[in-house]
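J.: Based on what follows, work out the 3D shape:
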Amino acid sequence: MKKKREDIIDFAKLSKKYRTNVKRIVSLWQKGKDDFEVSSSLGIDYFTLKQLRYEIEQAHLRHRYQSWINSHSLQR
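T.: Model prediction:
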């Protein structure tokens, strides 16, 4: 069963932690904006934005790893 992006990443929790609209930042990244453009347009510190990106990437990697473990444990 495929999970939606909202199921993998808790946008409300991240928005509260970073005190910004994380969904908006992700949509700007999807539109092809780089970190400097997002940082300057939203007034967010560049390093805070890099930390947010890293946290989102780690959540995706954890999800992919867990999915891989689950799929391979069923094949035994």
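J.: where are the low-confidence patches of the protein?
T.: For the chain, applying pLDDT under 70 flags the ranges 1-6, 74-76.
J.: any idea which residue sits dead centre in it?
T.: Centroid-nearest residue in the chain: I56, 2.7 Å away (criterion: CA atoms, centre = their mean).
J.: Tell me the gap between the strand or helix carrying Q51 and the middle of its chain.
T.: Remark: Q51 resides in helix 46-73, with elements defined by DSSP states H and E. Relative to its parent chain, helix 46-73 has a centroid offset of 8 Å by CA atoms, centre = their mean, to the nearest Å.
J.: How about stretch 9-29?
T.: Relative to its chain's centre, stretch 9-29 lies at 8 Å (CA atoms, centre = their mean).
J.: and the end-to-end length of that stretch?
T.: Using CA to CA, to the nearest Å, one end of stretch 9-29 lies 15 Å from the other.
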